[in-house]
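# I'll drop the sequence and a predicted model, then ask my questions.
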Amino acid sequence: MSRTLTLYELDRPALKTLTAELEAALENDDRDGLAKLLELGDTMRSALDERERLVDFFLLPETHVAASALFASLRRISKKRALTPVMTSSDLALEGRLRNFEVLREQRTLAELVDKLLSSKRLPWYLRRPGATGGWLDPDQRATLARGMGELAPALTPELREMQEGLDEAEGDVVLHDGL
């Protein structure tokens, strides 16, 4: 299933702070703290008492009814606190073009950076949505990919040029994701 990809600027310190707050709430089994962190309503806050340990919710499959709303809230808060949209692809073919476009694949450095941008292993566990595409580049990697794609611009497809422009426009770290 194809979905549109969105490129976000990442506020890495804000994401680290969020991660630390989440870890503290889970380690301390702080249900009120987690409810506040995730901006949960009263009904969802009450549901947190249904498990012996708070962390158990996040050990369930994400599709489980008891966990899905928490993961959705966590991603919503992640976007709110640490991710700023730069561009959303207007073309569903962008992921395929990034993975398979020969002009990009022939440039080893660019191919490696594209692979990192599409590797969810580089994201925090709570941003790794099952079946979703997502990845992260640091500022130097982002600039290198933007510059390299810019040099190839005449040979790129429109959706790849759009991606290059987004990378060039962004500042700092970036996250590319289709499921946030």
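That came through fine.
# which secondary structure elements does the top helix by length along the chain contact?
In terms of residue count, the longest helix belonging to the chain (DSSP state H) is helix 65-82. When contacts are defined as 3 or more CB pairs under 8 Å, 6 or more residues apart in numbering; DSSP states H and E, helix 65-82 packs onto helix 12-27, helix 42-47, helix 56-59. For glycine as for every other residue, the C-beta is placed from the backbone atoms N, C-alpha and C.
# and the residue lying farthest from the centre of the chain, which of the three is it?
Note on the chain: the largest separation between a C-alpha and the mean C-alpha position, by CA atoms, centre = their mean, falls on Glu52 (29.8 Å). Here Glu52 is recorded as coil under DSSP: H, G, I helix; E, B strand; the rest coil.
# Distance from the longest helix of the chain to the middle of the chain?
In terms of CA atoms, centre = their mean, to the nearest Å, the centre of helix 65-82 is set 12 Å apart from its chain centre.
# Now do the domain split for this structure, please.
As given by automatic domain parsing, the domain ranges for the chain are 6-11+83-177, 14-81.
# Tell me how many other residues crowd the closest residue to Thr4 other than its chain neighbours.
Spatial nearest neighbour of Thr4, excluding adjacent residues (CB to CB, 6 or more residues apart in numbering): Ser89 at 5.1 Å. Using other CB atoms under 10 Å, the number of residues around Ser89 comes to 22.
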